[in-house]
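A.B. asks: give the three-dimensional model of this entry:
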Amino acid sequence: MAAILIIDDEAGIRQALASILEDEGYRVLAAEDAILGLEILGREAVDLVFLDVLLPKLGGMEALERIRTERPELEVVVISGHANIDMAVRAVKLGAFDFLEKPLSLDKVLTLCRNALEIQKLRKENLNLRRNRASLKDEIIGTSPGIEKVRALIRQAAVSDARILIGGENGTGKELVARAIHNGSSRAGRAFVEVNCAAIPETLIESELFGHEKVAFTDAVSTRKGRFELARGGTLFLDEIGDMSLSAQAKVLRAIQEQKIERLGGEKTIDTDVRILAASNKDLAKECELGRFRQDLFFRLNVIPIHIPPLRERPEDTPLLLRHFLKDLGDGTVEFGEGALNFLASYSWPGNIRELRNLAERIAVMYTGACIGEKELRDLLLKTPELFGGGEGPRETAAGENTFPPGIFEMKYNEAKEAFEKVYLEFQLSRNRGIITRTAEAIGVYPSNLHAKIRKFNIALNGAGGKD
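C.D. replies: So this is what the prediction gives:
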């Protein structure tokens, strides 16, 4: 059902238009001025706007400019009781779909409404086709049976609004699959909002998801929309949902069931219209048995399960992916010897595609030859002395056996954990040239948390040091 917003200061016009449009099966929203109308556009999924020119507080032409800037996909029909040719020309130049004079003609209102919504529908379908083609052909790389099955599931599931649970190890591309589903859906022109449930502290997750009102808690100095509101009309991707607390799980379940939310500290019920995609590297069925994940939420999310195979189970895709990454980095001319190709296929890839992408970046920066042999590839993948100030640092051998900071196995648990954490952070900071925001995003933590760890471990920042 299409939603139409009427912005007019005359109650009679609002009522007449609403009556006409509701009789045709449209959902109608109304505002008596442009400021209220823009607020409605910020929280509701609207498909078409009827906008009066002469309005209090903010003029119709100014409102039209803001709508075209903030919601360029939205069609706007301008109406006025004091119309002239110059005004009509100006409205069309600003991006209005058409211009209507008062008193309004019933037939013309309905004809314009149908035409505007049909053009918008065609535009969305065209955009969906382009995005779907790009997502499935250019981004999800591989010819293995496992990845072909993933592609087929995406094509089948994208066209519906069914909830999807994406499973797979870290680094297998769960977010990429979620975006491909969104881009192949009827919601492709709307927002895709991601929430990394593992990176948000338990005390903040509910505020992130549902928003909060001013002074809902000590640090809430202003009203803030949550991710459910920001994703209205589009897709909400709950990544690593297995790390969400049980109390937050209960509220997410309620939001899914009732399609309504309330901001923290608020009493107003807000309608939601989002498609939920979720992902986890954990076995959520087993987590349910252990009491760490709500079974009712699991059943709600697991309408269509999609499992992404790890890279070690699709060795034929590894060279294709590596060449794709190198081409993307502007270094697509490098060739690989037979030994290097065999090594790529036999290596266990504990970091999956993320680790392969890192290798591509390393090749692009550090390798100057034309053809990489097995030894050079092993050294680039498994030995990274430059990143650890001259020492070899932690690395994985070809057999998959890990080596760690010296003496780590003689330490107490907490000491060993901190020793590894320090080396890990030094590695990630070096990889991201010491840029705090980029490193924090790459490893899934808040920049403030990363700053605290740097101070705790007395890590020296080399390079850019904190600014993008």
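
A.B. asks: and the spatially most central residue of the chain, which helix or strand is it part of?
C.D. replies: The centre of the chain sits closest to Glu194, judged by CA atoms, centre = their mean, with a distance of 3.7 Å. For Glu194, the element it lies in under DSSP states H and E is strand 192-196.

A.B. asks: other SSEs contacting that strand?
C.D. replies: Judged by 3 or more CB pairs under 8 Å, 6 or more residues apart in numbering; DSSP states H and E, the packing partners of strand 192-196 are helix 174-183, helix 227-230, strand 235-239. Yep, even glycine has a C-beta here, placed from its N, CA and C like the rest.

A.B. asks: let's see that with 6 Å instead.
C.D. replies: Secondary-structure packing of strand 192-196 (3 or more CB pairs under 6 Å, 6 or more residues apart in numbering; DSSP states H and E): helix 227-230, strand 235-239.

A.B. asks: walk me through the domains of this protein.
C.D. replies: What the record gives for the chain is the domain set 3-122, 140-307, 311-382, 388-468, from automatic domain parsing.

A.B. asks: now Ala63: closest residue in space that isn't a chain neighbour?
C.D. replies: Nearest residue to Ala63, sequence neighbours excluded (CB to CB, 6 or more residues apart in numbering): Ala34, at 3.7 Å.

A.B. asks: surely that neighbour meets Leu58?
C.D. replies: Yes: with contact defined as CB atoms under 6 Å, Ala34 reaches Leu58; the gap is 4.0 Å.

A.B. asks: comparing the two, which shows the higher neighbour count?
C.D. replies: More crowded of Ala34 and Leu58, by other CB atoms under 10 Å: Ala34, with 25 against 16.

A.B. asks: how far away is that one from Leu5?
C.D. replies: Noted for Ala34: a distance of 11 Å to Leu5, by CB to CB, to the nearest Å.

A.B. asks: ok, and what's touching stretch 324-336?
C.D. replies: Applying CB atoms under 6 Å, 6 or more residues apart in numbering, the external contacts of stretch 324-336 come out as 141, 357, 360, 364, 371-372.

A.B. asks: ok, and the most crowded of these?
C.D. replies: By neighbour count, taken as other CB under 10 Å, the most surrounded of these turns out to be Ile372 (23 neighbours).

A.B. asks: Ala158 and Arg232: what is the separation?
C.D. replies: Applying CB to CB, the value for Ala158 to Arg232 is 19 Å.

A.B. asks: from Cys197, how far out is the closest residue to Gly369 other than its chain neighbours?
C.D. replies: Spatial nearest neighbour of Gly369, excluding adjacent residues (CB to CB, 6+ apart): Glu376 at 7.2 Å. Separation of Glu376 from Cys197 (CB to CB): 40 Å.

A.B. asks: quick one, helices of the stretch 251-400 of the chain?
C.D. replies: 284-289, 295-301, 318-328, 338-346, 352-366, 374-382 (DSSP state H, counting those that start in this stretch).

A.B. asks: and the last one, which residues are buried?
C.D. replies: Buried positions in helix 374-382, judged by neighbour count with 16 or more other CB atoms under 10 Å: 374, 376-378, 380-381.

A.B. asks: which of the residues you listed lies closest to Ala178?
C.D. replies: Leu381 (28.1 Å; CB to CB).

A.B. asks: can you list the low-confidence ranges for the stretch 301-450 of the chain?
C.D. replies: 332, 383-411 (pLDDT under 70).

A.B. asks: could you pull out the strands for it?
C.D. replies: Taking DSSP state E, counting those that start in this stretch, the strands of the stretch 301-450 of the chain run over residues 304-307, 335-336, 371-372, 395-396, 402-403.

A.B. asks: again with the stretch 1-150 of the chain
C.D. replies: Under DSSP E, counting those that start in this stretch, the stretch 1-150 of the chain gives strands at 3-7, 27-31, 48-52, 75-80, 98-101.

A.B. asks: the last one: which residues count as buried?
C.D. replies: Of the residues in strand 98-101, those with enough neighbours to count as buried (16+ other CB under 10 Å) are 98-100.

A.B. asks: let's have those in TSV, adding distance to Lys108 and pLDDT.
C.D. replies: As requested, the buried residues of strand 98-101 are exported to TSV (distance: CB to CB, whole Å; pLDDT from 0 to 100):
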residue	distance to Lys108	pLDDT
Asp98	9	88
Phe99	11	86
Leu100	7	85
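
A.B. asks: compare neighbour counts for Ala158 and Arg232 and give me the winner.
C.D. replies: Remark: of Ala158 and Arg232, Ala158 carries more neighbours, 23 against 20, as counted by other CB under 10 Å.
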